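> Need coordinates for the following:
(4 chains)
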Number of protein chains: 4
Amino acid sequence: MSGNSFGRLFVFTSFGESHSDAIGGVVEGFPSGIKLDFDFIESELDRRRPQSRYSTPRAEEDCPQFLCGLENGITLGTPLAFVIKNTNVKKTDYSNLNNLFRPSHGDYTYYCKYGLNASSGGGRASARETAARVVAGALAKLFLKEFDINITSKIEQVGGIDYTACGKQAEDKLQEALAKGDSLGGIISCTIDNVPAGLGEPVFAKLSAALAYAQMSIPSAKSFEIGDGLESCKRFGSQDIDHWKEGGGTLTNHSGGIQGGISNGEQIVFKTGFKPAASIRTMICKDHDNRLHTIENKGRHDIAPVLRAGVVVEAMSALVIADFIKMQQTNKKI
Amino acid sequence: MSGNSFGRLFVFTSFGESHSDAIGGVVEGFPSGIKLDFDFIESELDRRRPQSRYSTPRAEEDCPQFLCGLENGITLGTPLAFVIKNTNVKKTDYSNLNNLFRPSHGDYTYYCKYGLNASSGGGRASARETAARVVAGALAKLFLKEFDINITSKIEQVGGIDYTACGKQAEDKLQEALAKGDSLGGIISCTIDNVPAGLGEPVFAKLSAALAYAQMSIPSAKSFEIGDGLESCKRFGSQDIDHWKEGGGTLTNHSGGIQGGISNGEQIVFKTGFKPAASIRTMICKDHDNRLHTIENKGRHDIAPVLRAGVVVEAMSALVIADFIKMQQTNKKI
Amino acid sequence: MSGNSFGRLFVFTSFGESHSDAIGGVVEGFPSGIKLDFDFIESELDRRRPQSRYSTPRAEEDCPQFLCGLENGITLGTPLAFVIKNTNVKKTDYSNLNNLFRPSHGDYTYYCKYGLNASSGGGRASARETAARVVAGALAKLFLKEFDINITSKIEQVGGIDYTACGKQAEDKLQEALAKGDSLGGIISCTIDNVPAGLGEPVFAKLSAALAYAQMSIPSAKSFEIGDGLESCKRFGSQDIDHWKEGGGTLTNHSGGIQGGISNGEQIVFKTGFKPAASIRTMICKDHDNRLHTIENKGRHDIAPVLRAGVVVEAMSALVIADFIKMQQTNKKI
Amino acid sequence: MSGNSFGRLFVFTSFGESHSDAIGGVVEGFPSGIKLDFDFIESELDRRRPQSRYSTPRAEEDCPQFLCGLENGITLGTPLAFVIKNTNVKKTDYSNLNNLFRPSHGDYTYYCKYGLNASSGGGRASARETAARVVAGALAKLFLKEFDINITSKIEQVGGIDYTACGKQAEDKLQEALAKGDSLGGIISCTIDNVPAGLGEPVFAKLSAALAYAQMSIPSAKSFEIGDGLESCKRFGSQDIDHWKEGGGTLTNHSGGIQGGISNGEQIVFKTGFKPAASIRTMICKDHDNRLHTIENKGRHDIAPVLRAGVVVEAMSALVIADFIKMQQTNKKI
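Okay, here's the model as predicted:
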């Protein structure tokens, strides 16, 4: 019901602002009796950590502290709560933004919603909250590992350039953005292997719809495509049908592993598009009286959120699949 | 929780198979004291009715019967349940499909999920269920009318061709599909006017995420884009920022009316892509032993679902906005 | 979320007013592949039907029409929607109540909530809605039958008199109420056999709490006691502990089959108390200007709701246990 | 959906075991712009703290640390997460219970549910978790204060003795239990003032049902009575009707402020019964092979949970009323 919880049976509740004492989360529905692989959780957070010159210099250790739900590292079946301290908060970087609304940010819309907004760092709208998603997603991946389900992602496009085929061109464009104090958009593709047929619910809770919801909840997400996505929309049906393979499976996978909203046992494939970061070097902000102010941005930001988004895309996918696996456990013919 | 309900406070529960006695729904959260405009509800269903030679010849009267929740046409605030009879069921059209799984349909995935599936007509996976969405969406629109919120849609592309600018070309392509017993994909764009700033929840229940979920739950939906969508993903940030207008509002609307997941008061704009219908004239189906069978399709289907999808796209948008309006009513500072 | 739905995985959505065209419901989460025993459903409705001179003369056929979710009587796993026509509506019986609020009824509170209320028959607050509960409960019982879970109830007290031991005295008191145009309260006890250990969730969604919620939602319910209930509250711990039996189980069952909110495999036992019907022969009603009016009641009512409540008590219990069975299916160690 | 969350719009998610690093919670739906009164929250926790010789000697400071959701003590409208350290854990007190199931505790039922259970202290089944309820309840009370809604409770009975009228006798009985290493049950009554008419939903989510659910979720709760409760069940209707008062309100309040499941503006009154603590000095436990072992209990426990339950009873009531206030905000005629 709440905007801060995700899932029905494998449930992740997220909390924390960019500049509050901590962010964190509560994961419910994780099965009992599983030894948690903390190294894996750490390694997922490492993937999210800024690693290139195109990423924010705000590098935090992001070591999640698990408070409960396990004994000697073995899960009890009860809620797993974790906290990640916000150690590297530099509120002063935002001091020149006091009472200003940055363009294309959440500052103004949060203010419209709540009558006030976090005075620095973007509050809940900051991409900082995705660190908690990555921890919860890592837990979901550990759950899915028991079913041999595997999730991977890769950068498909940066600034409209094919990242796999034309890496050099893409790097040049990133370099250009960096030099100009600008930012760049891009696209991530994600694949999920070994998803059993039968996941997804009729009508509203289609697996494709749930994946779309999950992806579009990631900061800066602008588009979602399942399977061949927009390409399918241009085709004749005869070009888009996935013909049956003798012996099982399909010859093609235009559907992206989901038909009628339910998984068919093929690889699940989708793409998520991200806009360029709205935080660039020079920003024209407005104050509460609608007066404009040109501001040099001192906050620490990514040039291209897409470069670090892969692990978040996977985390949200893992949460969806884990939830639908649990739903399908209730759906067995007796 | 269930896959057949949509919304949190303005809740629509859908029921019915393509070939069951009836389909229908229950709408909860509709305010009391409103005189229902049944003509409007009928006119919305009329928009969904097959009207061109490209649509299914299954033309049903689709007259919803309201069972409760109102007295003398005035709502009581209690559940509004409605039933639409399935009067024009021709199960014999499907007799040659008995025990066969059509390719790229829900037949096989429903079978994987439930261990059986509706023997004719696609069951819950049939687009027949969208008639109930249109009734619920019409109720949501009547609710939104009280706030002057208005939703419109148009066909943007058919078979990859710009439908507004190149209508003749698009018609030719439709004609080609019809002649060949083939089908075509396309894209709908939708705009929502007068949405107040402040709708949407932080983190997961972003307004954009909820719209994506709603749209991707429509049969044949393949893609969702908010605002400039994929175009944004190719841009520099400096090209994508919506600059403030002196006096209020923004100069551009690349964001599509949603920033940080929350409406900013601008027009909400998004696009939904639909694949071509998977039901074409000649289909290679498989049986329960994975043997292939070539079948001439006698069922009644649309060539291009996109042609009739607009009213469904709007209906799902109306349900989302109605739900978020109610959520925001709980969010007031005291 | 909504007040008209019950359950998380085995979900019943109820609709309909006492004097609307129909009441009915939608049941989701019923497994596929089960042949529905319609005779059983009918027999449950028969148990609810007024049978004695102490019950309302409004005897309706109450034949539920199932609209969807099954083929040849076999469930598809999709929503089962049913409708029960309100055939025996006599609005004229309520004509002298127009715009009057009866005391201790829902008329006034519904008016406070919605700004209007059903003009006759009590609307959603009428016990008429329990017919839909009985149908949904019968479905839940059919589901539980697959697990050999059995639910029975009996009248424990009428008007403070032990109904089993002092039947004659209780009958005399009922006769007295009938003669005076008065009504009587009473208590139902309910037992559930063969519930596996492990049902119920920690902290909030305790099985005992869910049963209490279900029972207290029945019209006129005033009290709920699990196991020995109020007797336990008077005891020393040494008198209330259920000691282990060598070989398994417990020697006593003061707990009523639930410990720490989770079933322990013993018989589940609870009691639900019902107040006397608020509809008696002479009622002092108030109008919208707070003026009092003495009214002779012509509507048809039960003298002692407790006499017919058993099947509703069981129905709500069946819905709870069915839901928790499904929840526990998701709780398996992998 | 999850067993660890309570409420729909004012949502409290609880986490933590008795002997984990910490317990805590997340509260969503708390309005923005309110200065939190931390002294009040502390004072509520003080009321829960063991104060008499009849209470557990485990006295922890129970200072909740708020991690997020506020700036300078003023709420942002976003989730308020708090953590209470488990500082006074003495696992050794439980060393003789290793692998033993105490009678009438949650040890065995949690084991049946999860295949394992917390090795000491009762895990989630321990009354330790109620400290988090008290913090969340204090937040709910701060919210309700804005509406002048006030909640109080008192001990009604201890060991079957009227606590108000016969305090000395009750003290003697407590003394007897203490001397014998035994425990005692009791009853709390609770009143809620200034609840506006109109709270509660028809049919299932009746306000009385929600209060029952909330109360029966408290550890050791055995019974719930709304208004006159079991007394009403013994009466004639003519004795139980709350007659209208000229000018507004009712002459009596047998209903306890709720009619047809919806508040009528009168004082809300209910009673919750608690069994004696199951932890007494000598306990016959069983091991995994169903062999019995007599154990001298070294863990720290209350003799009579009822003595400290008042603040928890109030906390759960506050959470219910806060949630229903928010629900009713969505129910306004436009």
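> If we ignore the residues flanking it in sequence, what's nearest residue A:318?
Spatial nearest neighbour of residue A:318, excluding adjacent residues (CB to CB, 6 or more residues apart in numbering or on different chains): residue A:140 at 3.7 Å. C-betas here are computed from N, CA, C, even on glycine.
> which residues touch the one you found?
Listed by CB atoms under 8 Å, 6 or more residues apart in numbering or on different chains, the contact partners of residue A:140 are A:10, A:12, A:315, A:318-319, A:321-322.
> what's the helix or strand for it?
Secondary structure from DSSP states H and E places residue A:140 in helix A:130-145.
> is whichever helix or strand comes after that helix anywhere near chain C?
Toward the C-terminus, helix A:130-145 is succeeded by strand A:150-158 as the next helix or strand (DSSP H and E). No - on the criterion CB under 8 Å from any CB of the partner chain, strand A:150-158 is out of touch with chain C, staying 16.0 Å away.
> the inter-axis angle of strand A:150-158 versus helix A:130-145?
Strand A:150-158 and helix A:130-145 are oriented at 140 degrees to each other (axes from the mean of the first three to the mean of the last three CA atoms, to 10 degrees).
> neighbouring strands for strand A:150-158, and are they parallel or not?
Sheet neighbours of strand A:150-158, with direction, are listed as strand A:161-162 (antiparallel), strand A:186-193 (antiparallel) (DSSP bridges).
> still on that earlier bit, tell me the pLDDT of the residue nearest to residue A:318.
With respect to pLDDT, residue A:140 has a value of 98.
> for residue A:126, same thing?
So residue A:126 comes in at 94 (pLDDT).
> Against residue D:122, how distant is the residue in the stretch 101-250 of chain A positioned nearest to chain C?
The shortest separation between the stretch 101-250 of chain A and chain C is 4.3 Å, found at residue A:146 (distances taken as CB to the nearest CB). Per CB to CB, to the nearest Å, residue A:146 is found 28 Å from residue D:122.
> If you count surrounding residues, which of the two has more?
The residue with more neighbours, out of residue A:146 and residue D:122 and counting by other CB atoms under 10 Å in any protein chain shown, is residue D:122; that gives 26 against 12.
> and that one, backbone torsions?
phi 90, psi -10 (degrees, to the nearest 10).
> count of residues packed around residue A:33?
Summarising burial for residue A:33: neighbours were counted as other CB under 10 Å, giving 13.
> Return the residues in contact with it.
When the contact criterion is CB under 8 Å, 6+ apart, the partners of residue A:33 are A:74-75, A:77, C:333, D:114-116.
> which of the strands paired with strand A:150-158 is buried the deepest?
Of the strands paired with strand A:150-158, the one with the most neighbours on average (mean count of other CB atoms under 10 Å in any protein chain shown) is strand A:186-193, at a mean of 22.
> Residues in contact with it: which ones?
Contacts made with strand A:186-193 from outside it, assessed by CB under 8 Å, 6+ apart, are listed as A:149-159, A:163, A:223, A:257, A:267-274, A:304, A:306-307, A:309-310, A:313-314, A:317, A:321, B:230, B:233.
> all helices for chain A, in order.
With helices called from DSSP state H, chain A shows them at A:38-48, A:107-114, A:130-145, A:167-180, A:207-216, A:230-233, A:237-240, A:306-329.
> The longest one packs against which elements?
In other words, helix A:306-329. The elements that helix A:306-329 packs onto, with contact taken as 3 or more CB pairs under 8 Å, 6 or more residues apart in numbering or on different chains; DSSP states H and E, are helix A:38-48, helix A:130-145, strand A:150-158, strand A:186-193, helix A:207-216, strand A:268-274.
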